[in-house]
Every structure is written in C-alpha cells, then in structure tokens.
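# Okay, predicted coordinates and the sequence, questions at the end:
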Amino acid sequence: MKQEETYWFIFIGNALMLEHDDKGYRVPYGTEPPLPMKEWTPQQVLPKLDGKPCIAYSLDTPPADMKGLETVGLRESWHVLPHDVYNVAGKAAELLYWDSNTRYCGVCGAPMKRNTVISKQCTHCGKEVWPQVSPAIIVRIKRGDDILLVHSRNFRRSEMYGLVAGFVETGETLEECVIREVKEEVGLQIDNIRYFGSQAWPYPCGVMIGFTADYVSGEIHLQEEELSQARWFNRDHLPPIPDKMSIARKLIDDYIAERETENK
Ligand SMILES: [Zn+2]
C-alpha cells in the first residue's frame, strides 16, 4: 500500500504504537504503514490531522520487528501526545472496537460488510449497524462549601477519590439518570442539576456527560458493591483525585477555582 503522507494509528489491544526520541512521542507518519497490515486487519479512515489523512489498524500480536516503535496505553498517551492527536487516537480505538465487534450480523449471523465509512450492512438480511456510543453521567454534588467524593472499588489508583458516575439506562433522561445514580450509590436527594460539559471516553466507546448539583437531604448510604467510601470534602483538604485527562478532574478543578475567583 502506497499513498500520500499519512498518520498511522496502530493498535495492539488498547496500546498505541508510537515513535519515541528525545523530543517526545509521535504517531508514525509517512507514505507507507510502518508495520505490516495484514489483509484481514480492520482499517478505518479517520478525520484529517493538519490536513493529512489518518489511518488506523490493529495487530493481533506484537510483530517480531517493532521497527523502533514503542507501545503506549491509550489512556497514558493523553499525557504524551497533543490533545488533538489523542482525540483522533481515541476515535480510532472506538472504531476498531466497533469493527471487531460487528463482524457478524446480530439478527441472522451472516458476515457484515462495510457499507459506508461509518456503517456496515449484513450480506444476507441487509441489517445496517453504526458505531455505538454509551452515554454515562458524572456529577459533582455540593453541600454548603463542600463536595461529595467517592472511592470506587474499581479505581485503578487505590487511594483515589472521584465523583458519582454511572451509565444512562434505556428510556431515561440525563437528569433522571443523575438523580437515580446519586440515590443508588450514596442514598442522597439532590436538585439544581446543571450541565457542565462532556468528554468522549473511548474505554471502549463512551461519552461522559458532566453535571453539577446541590445536596438537598439524606444521610450517606453506600452502594457497597460499587463504592467503599463516600465523604464530604473541602477544597482545602482534598484526597488524591483523578488526573487531568478526565472530566471528573475538570469538575473538581472548577470547584477549587471557585475559591480562587472569590479571593480575587
Ligand atoms: Zn443479517
């Protein structure tokens, strides 16, 4: 395969293959894929980056010759790549996930074939499928000058606290989801639910929708299967919190900044 100068987003599982030197990490760039693409390897055409095409493909196993490339987890790549490049990598990961999970028709079991760049069609019954996005809410609850932080049993960093979050259920509005998740996870009533912002979350195909809300009533009752701790914290005494790539951190940073604004 030969074509114009292209950014190559190559995945092995959830890890990206990146060039690395004393100037930092880069997505491989050139007229040919730096690692061989197998014929059956899923490929996706992505939006352009700096006017140059981006192509993603995945390898089942690391090749014997890595051609000097290093594997960096997609999550970790946020810290070493420019954010517009990370965003393309995230979209690439979501499309590759979708591709590998829609090889056969969910209705009749026949093979699916690519119909358009972002859709596939069943070769037998004609059913069409598009990449799915799973929405989840995340909410910062304020009581007086404090916010509620929770410690989830599945946090990667064991000492870290985050915010109440959960997947939107069928037939539910986002606001209903916020109220339900807060009730289920910590047993509290809230109101004044306000949209804060959102973030693509390609782990594997989510979008996180952030809200703020105010505490109304109730004592903290933990949903023990998901949470091991929930407490009110003040910005002056925060525990370890999520790193800056997440909307959870943006919500907490926004709360910390309220004080700085007041002091100006
Ligand atoms: Zn079918």
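Yes, it's here. Numbers count the residues shown, from 1 in each chain.
# Provide the secondary structure category for Y203.
The three-state assignment at Y203 reads coil, by DSSP: H, G, I helix; E, B strand; the rest coil.
# How about K244?
Per three-state DSSP, K244 ends up coil.
# what residues are up against it?
Shown in contact with K244 (Cβ atoms under 8 Å, 6 or more residues apart in numbering): K250, D253. Backbone N, C-alpha and C define where each C-beta goes, glycine included.
# Now the phi/psi pair for it, please.
Backbone torsions for K244, taken as degrees, to the nearest 10, come to phi -70, psi -10.
# Equivalent analysis for D99, please.
Backbone torsions of D99, given as degrees, to the nearest 10, read phi -60, psi -40.
# same deal with E185?
Main-chain dihedrals, E185, degrees, to the nearest 10: phi -80, psi -40.
# L227 is in contact with that one, correct?
Yes. Counting by Cβ atoms under 8 Å, E185 does reach L227; the two are 5.9 Å apart.
# can you pull out the helices in the stretch 101-250 of the chain?
Applying DSSP state H, counting those that start in this stretch to the stretch 101-250 of the chain gives helices spanning 174-186, 247-263.
# G90 is nearest to which of those?
Minimum separation from G90 across those (Cβ to Cβ) falls at helix 247-263, 13.3 Å.
# I'd like the average pLDDT over the closest one.
For helix 247-263, mean pLDDT is 88.
# swap in stretch 200-219?
Stretch 200-219 comes out at a mean pLDDT of 96.
# For it, what is the distance to the chain centroid?
Stretch 200-219 has its C-alpha centroid displaced from the chain centroid by 13 Å (Cα atoms, centre = their mean, to the nearest Å).
# before we move on, what about stretch 23-32?
Worked out by Cα atoms, centre = their mean, stretch 23-32 lies 23 Å from the chain centre.
# In the lowest-mean-pLDDT helix or strand in the chain, which residues have enough neighbours to count as buried?
Counting by mean pLDDT, DSSP states H and E, the chain has its least confident helix or strand at strand 43-49, which shows a mean of 84. Counting neighbours by 16 or more other Cβ atoms under 10 Å, one finds that the buried residues in strand 43-49 are Q44, L46, L49.
# Likewise for stretch 183-196?
Under the neighbour-count criterion of 16+ other Cβ under 10 Å, stretch 183-196 has K183, E185, V186, L188, I190, I193, F196 buried.
# joint contacts of E185 and L227?
V150.
# just to revisit the earlier point, now the buried residues of strand 43-49 in a markdown table, with distance to the ion?
Converted to a markdown table, the buried residues of strand 43-49 look like this (distance: Cβ to the ion, whole Å):
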| residue | distance to the ion |
| --- | --- |
| Q44 | 22 |
| L46 | 27 |
| L49 | 35 |
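# if we can go back for a sec, which one of the buried residues of stretch 183-196 is nearest G68?
F196 (41.8 Å).
# Let me see the domain layout of this structure.
For the chain, automatic domain parsing gives the domain ranges 6-100, 102-131, 134-263.
# just to revisit the earlier point, who does the least confident helix or strand of the chain touch, helix- and strand-wise?
Using 3 or more Cβ pairs under 8 Å, 6 or more residues apart in numbering; DSSP states H and E, the elements in contact with strand 43-49 are strand 52-59, helix 83-101.
# Near the ion, which residues of the stretch 101-250 of the chain? Just list them.
The stretch 101-250 of the chain comes close to the ion at residues C105, V107, C108, A110, C122, H124, C125, K127, as judged by Cβ under 5 Å from the ion.
# Highest neighbour count among those residues?
Counting by other Cβ atoms under 10 Å, C122 has the largest number of neighbours within those, with 21 neighbours.
# Over in the stretch 151-264 of the chain, which residue gets nearest the ion? Let me know.
Nearest to the ion in the stretch 151-264 of the chain, going by Cβ to the ion, is C205, at a distance of 21.5 Å.
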